[in-house]
Structures are given as structure tokens and as C-alpha cells.
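K.L.:
coordinates only, sequence not included:
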């Protein structure tokens, strides 16, 4: 494998690990990549192509349990991790990596002891079910893992609400029918134990380790048992149930409470997952028993002492009748009283604390003022001050793409638009299922506290260059709110969905109607901040952009009251009949030799974390090269109008490896010489043309 093949594989690896949620799969991918590099036995190759992934590799090793697959695989990972640690023995992280390997080995030893016939008493009585990971990529080694549920149930007065965390369209579609069947069975079953059950409940179903895609709807039994367990606790019933330690269950249930058959292939895969875990009993549908036992017999040819037993059931009542699976016991009077006091503990002291306690929960239940927005996968949860979910909305952006508030603020905001003390919710990038009319693609919408739509706006302006008339389909996101002449407005960005036109525009915060003029750019806007940076009483907009005409990225500054006209660009990309805007700054960053080498037309400034306020006078702008951690950090001092550069470690490693191999010219990357070279190539718009800083004040 030559350097160019490794470079392509390195880029592919970045893409692959960004497309997976599962830490296990990411670890497998990096392991395979490292095996290719280590097989070359070349220290310079290792330094150039492995270094940037090492910290991620050991992070994943720390987060991954070495279970659910044949132990030889994780044994190979331990050997590889030890070899990599030796290669970087002088690293400041060497001790940390040694501790991670040692901890991983200790967990691995427990699995080997289990396969040798030893049972561990520390298995907690938590119901689990096997989950399969799948992918269209045939080259990715996949298995699965044991998942568990955490469920919260509360009474409510309106209707049954099932909230899934994390949520996703495919996941919810698969689970919706099974959740309803399991819930109806649980409520029906509990009529033997509870005299009165509230008509409506809010149920939060949390998948504790959600890391892959689910195959089928085979967790109906698990849901039903979990629902019953939590409802008995909620109503302080005379009885309680719990799953016996070491029991794992798979199987959906139908309307007649019969367990639904899975398939020979899938039950075999799930049997293997359970075999390489600490569980003692695997419960399967009766129709899948033969396939499960056949697979167990195959696995025990290598590990004959492994204590795992297959139990089968035709219906869910069959499971509840087996005391080796489910424990049902009646609470003593003392225990039941203690539970009631625990639930209403202030009643045991004096009346006043009880009243305060009750008042708090009344306030919590009746407080309908949106106070927090939380996002899990593709759902926004609108909550009140006490954390109660008021309503939810599907969104089309990925909250895990970039961590932190900066990224999420481009798509969601809590704003009191009419100063009545009640917050409204503004969203952009909703999922298609929320739109109804697909012509509202990427609309900006404002909801009141009850999720009633107050206004919506879709950017559909027409604009023409010397070469083409732009399509009118735009994707919008939010920058911030401002007040101009005692009138609140929302500053937004629109990027063309099919071409390069983009605009910064304003909406009246109360009505959602366009106000003032629009600033156009020949290339996407990617980030924005609004402050009165120069303390002159007027707000300025700082925004990152891509200029398709010059094929460069940059930074602009403009007063919010001067959003009119277009940004400078080449003649082919100019918009007709628009003047050049009155810009305070319009700055182009130079294209690096690395950009030219990888044949990238334009460098990147991704949405979310590429424009940050660093301190009183400085802003951080991250310019990336299509791969995570390969970036240059520009620090811009607005008042002094100058830049400092910090070279990202990933960019340094990649470019220096090319310099060392003669593919790029010196100097090395993380040097004053190279940084000053880039700074000298930054161009500034002076109102008529682009000049270098040395010519800016002449």
C-alpha cells in the first residue's frame, strides 16, 4: 500500500467514523486502519498517517466493552493497542493509555472467566435484550450488543404520550405498534393488582446504550415487563415484580399476547451476542427455540463450560409464570408504608413543607412557559423550568454533528416576541414530517407555548447573475435577535439549496415579515455573530462566507442597519442591478498549498463552531480542509484589524508529511515563517478592490 492509497484510506476513515454512532464500530474501523499501517513497519508512515487517530482510538477503547463477539477479536485489539503505546512511549499521554489498556484487559478477563464456566454475582437485575448492528458496507465487521431500558411513567390529564430517547424516524415507526400493544397488555395485567389506574400517562422510554440500528420489533416482552414494574411502583401496589439477574429476553408480542417469531438467522446472531456476555438465561419465542439451541451447541464446542441456557415461551403469560425468570412478591405492610412515606416524605414532618412540596408539583405540572430546549437525535424537547416536556418537534439537523450551544442556536431559539413574559419557540430545519406543505422546505417558524403556529417564513427571493437565474429554493438558519429603533428583529441566513447564492436578511420578530433590505453573497454564509463590537451604539454582524467567484473563504463585518446590496466577487458571479454593500470589512483567507495538493476547490468553514468570540477584542475563525481536526485557526483582533494563526495538529501532521516526502515545499507548517506567509496573503476589501494589509492604509 503506497502513500496515496493510505491518504485515500485515511480520508475514508474520517468519513466512516463520522457516519457511525456506535463506539464499537468506530473502534473496529480504526483497528483495521492501524493494522494496515503497522504491517508496513515504517516509523515515518506511522507518524504521518496514524498520529491523528491515536487519541480517538484510546478514547474508544476506554468506552467500549470487550464483549458480545468472539474473544480473539478483542485480544487482537489489546495486542495492537500495546504495540501503539510502545511506539509513543515518550508521549505525555503514555501513562493514560497504559491505564486504559489495563482497564480494558481486566474487563476482558471477566469474559474469559465466564466462558470458562464462572458466574459473576454482580449481575444486576436489569432486563436486557440483544440488538444487532447492521450496515450496507460489507467490509465493516459488525455484531451487536445488549441493550437495556430506563423508563419513567407519570400520570397526566390529556392523553397517553410516549417519548423515546434517543428518537429517530425509523426507530419510532418500528416501535409505535409494539409500544401500544405492550402498554395495553401491561395496563390489563395490572387490573389484578391495582384498583384504580389513571386513564392517561406520560411514558419516557430511554434506550441506555443506543448506538446502532435496530432490526425488527423484538423488544415487546421487555417493554411489557418494564411497564408493569414501573406502574406497580407508581401506584404503590401491594406487589412488585423484577427480572431475575442474568436473564435476557428477545421477542415481540402480538394482540393475543403470543410471542412473535424472529428468524433462524437473526436468532442465531442474537444467541451469539448473549453467549459472549455474562447472562445465564436467554428467553426466545418458542418457534425460534430450535435455531437458538443449535447455535448454542455450535458455540459450546469451543467453550463447553459456558453456563448459558435457552428458555422458550409461546406467550408472555408463560414468562410471568416462571419464577426462574420473573420474581413477583407481595410487599409487607412496613415496606409499603415506607414506600408511601418515601413518595410523600414531607407529610411525616409538618403540614407546611407538605404544602410547599405539593405546590411545587402543581407548579411543575401547570407551568406551561417554555424555558429550555433540549435536542436528542432528531427531536426538540420543549420543557418548562422544572424540566417537564411541554411538546416536541421533529428537526432535520444532527445535534451530535458538533457539540455545544453555538451549533444548536443556529436552528432553535427561545424568545419572548411580545414582552408578555411567556416565551415563544423559533425553529428552522424541521423534518419533512412536520411541514405538511412541502413548499415550506426549510422554513423558519415561530410557535407559542402550546405549539400553535404564530408565523412562518420561507425565503424565496429571485436573483440573477450574468450567467444564470437562481432557483428560489433556500435553506434558512438563525443568527440572532437585535433591536433597531425599538423594534425587535431576527437576523437570518438563506443558502440556495441547488446553487451558490446566499443572503443575510431580517424578519420582524413579532409578525415574521421581512424588514429592511438584504445582503447577498456569491457563495454560502456559514456562521454569524451579532454584537456592538466597536462600542459605537450600533450592532455589527460578523459572518463567515464562501466566495465562489474567488474560490476562497473569509470573514465580513457589516452594521445590522446596512444590510443592502451584494458582497464583492468576480464578474461572472455578480448579481445584476445590485450595488456593492457598505461593508466595514470583507476579508479573504488565502488558499494553502495543501488545498491545491488535495485538489480541493474551496476550503471549508463548517456551520457551528467555526466562528467564536474569543475574548474582548478577538474572534476565532476555523478554516478546515474537508477532514475533522485538519484545520487552521485564525484569531482576528477586530480593533487592531490584524490576525494571528495557530496551526491545528491534524493540519500540521498532514502537511508536514507531504513536505518531508517532497510533495510540498518548505517551510514546515507550525513555524512562524509559514504562519507569517499565510498572514501576508490575506486580502482586504477597501471599497474598490482587494489589497494586502500592508497596502490597506496607503
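P.N.:
Nice, thanks for sending it over. Predicted model only: the values in this text are computed from it and were never measured. Numbers count the residues shown, from 1 in each chain.

K.L.:
quick one: low-confidence parts of the stretch 551-698 of the chain?
P.N.:
Low-confidence segments of the stretch 551-698 of the chain, defined by pLDDT under 70: 608-609, 614-616, 626-629, 697-698.

K.L.:
any idea how far stretch 84-103 is from the chain center?
P.N.:
29 Å (Cα atoms, centre = their mean, to the nearest Å).

K.L.:
got phi/psi on residue 150?
P.N.:
Per-residue torsions, residue 150: phi -120, psi 120 (degrees, to the nearest 10).

K.L.:
thought it was touching residue 206?
P.N.:
Yes - Residue 150 is within contact range of residue 206, at 4.3 Å (criterion: Cβ atoms under 8 Å). The C-beta positions use only the backbone N, C-alpha and C, and glycine is treated the same way.

K.L.:
quick one: average pLDDT of the helix or strand harbouring residue 102?
P.N.:
Following DSSP states H and E, the helix or strand that holds residue 102 is helix 94-115. Averaging pLDDT along helix 94-115 gives 90.

K.L.:
which strands and helices sit next to the helix or strand just after it?
P.N.:
Per DSSP H and E, helix 94-115 leads on to strand 128-132 as the next helix or strand towards the C-terminus. Applying 3 or more Cβ pairs under 8 Å, 6 or more residues apart in numbering; DSSP states H and E, one finds that strand 128-132 contacts strand 144-156, strand 247-249, helix 264-275.

K.L.:
what lines up beside the longest one in the sheet?
P.N.:
Which is strand 144-156. Sheet pairing here is set by DSSP bridges, and for strand 144-156 it gives strand 128-132 (antiparallel), strand 200-207 (antiparallel).

K.L.:
which other residues reach the first one?
P.N.:
Applying Cβ atoms under 8 Å, 6 or more residues apart in numbering, the set of residues contacting strand 128-132 from outside is 142-148, 212, 214-215, 218-219, 222, 248-250, 266, 269-270, 273-274, 279.

K.L.:
again, 6 Å this time
P.N.:
144-148, 214-215, 219, 222, 248-250, 269-270, 273-274 (Cβ atoms under 6 Å, 6 or more residues apart in numbering).

K.L.:
please apply the same query to stretch 278-298.
P.N.:
Here stretch 278-298 has contacts from 114, 120, 123, 246-251, 259, 261-262, 264, 267-268, 271, 274, 307, 309-312, 314, using Cβ under 6 Å, 6+ apart.

K.L.:
buried sites along stretch 259-277?
P.N.:
259-262, 266-277 (16 or more other Cβ atoms under 10 Å).

K.L.:
now do that stretch, average pLDDT.
P.N.:
Stretch 259-277 shows a mean pLDDT of 92.

K.L.:
what about that stretch, distance to the chain center?
P.N.:
29 Å.

K.L.:
hmm, who's touching it?
P.N.:
For stretch 259-277, contacts defined as Cβ under 6 Å, 6+ apart pick out 67-69, 130, 132, 144, 146, 218, 248, 250-252, 254, 282, 285, 287-288, 291-292, 295-296, 299, 308, 313.

K.L.:
can you flag the buried ones in these?
P.N.:
Buried among these by 16+ other Cβ under 10 Å: 67-69, 130, 132, 144, 146, 218, 248, 250-252, 282, 285, 287-288, 291-292, 295-296, 299, 308, 313.

K.L.:
which ones among these map onto helices?
P.N.:
Per DSSP state H, helices hold the following members of those: 291, 292, 295, 296, 299.

K.L.:
ok, so of the residues you listed, who is nearest residue 387?
P.N.:
Ranked by distance to residue 387 (Cβ to Cβ), these are led by residue 292 at 41.9 Å.

K.L.:
what about the closest one, distance to residue 262?
P.N.:
9 Å (Cβ to Cβ, to the nearest Å).

K.L.:
in stretch 599-618, what counts as buried?
P.N.:
Across stretch 599-618, burial judged by 16+ other Cβ under 10 Å covers 602, 603, 604, 605, 606, 607, 608, 609, 610, 611, 612, 618.

K.L.:
and it, end to end?
P.N.:
32 Å (Cα to Cα, to the nearest Å).

K.L.:
contact partners of that stretch?
P.N.:
Contacts of stretch 599-618 (Cβ under 6 Å, 6+ apart): 402, 406-407, 526-527, 544, 546, 551, 553, 595, 620-625, 635, 637-639.

K.L.:
quick one: distance of it to the chain centre.
P.N.:
That offset, for stretch 599-618, works out to 20 Å (Cα atoms, centre = their mean).

K.L.:
what's the answer for stretch 596-604, then?
P.N.:
For stretch 596-604, the distance to the chain centre is 27 Å (Cα atoms, centre = their mean).

K.L.:
where do the helices of the stretch 401-550 of the chain begin and end?
P.N.:
405-408 (DSSP state H, counting those that start in this stretch).

K.L.:
lowest average confidence, helix or strand, in the protein?
P.N.:
Here the helix or strand of the chain ranked lowest by mean pLDDT, DSSP states H and E is helix 333-343, holding a mean of 48.

K.L.:
quick one: residues in contact with stretch 426-443.
P.N.:
394-397, 411-413, 415, 444-446, 456, 458, 475-478.

K.L.:
could you give the mean pLDDT of it?
P.N.:
For stretch 426-443, the mean pLDDT works out to 76.

K.L.:
buried residues in that stretch?
P.N.:
426, 427, 428, 429, 430, 435, 440, 441, 442, 443.

K.L.:
ok, stretch 636-653 next?
P.N.:
So for stretch 636-653, counting by 16+ other Cβ under 10 Å, buried means 636, 638, 643, 645, 647, 648, 649, 650, 651, 652, 653.

K.L.:
now swap in stretch 577-586 and tell me
P.N.:
578, 581, 583, 584, 585, 586.

K.L.:
so how far is that stretch off the chain centroid?
P.N.:
37 Å.

K.L.:
about what we covered before: could you dump the buried residues of stretch 577-586 to TSV with distance to residue 688?
P.N.:
Listed next are these as TSV, based on distance: Cβ to Cβ, whole Å:
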residue	distance to residue 688
578	16
581	13
583	12
584	15
585	15
586	12
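
K.L.:
filter the residues you listed down to just the ones in strands.
P.N.:
If you go by DSSP state E, those have 585, 586 in strands.

K.L.:
which two of the buried residues of stretch 577-586 have the greatest separation?
P.N.:
It's 578 and 585 that sit farthest apart of these, by Cβ to Cβ, at 19.3 Å.
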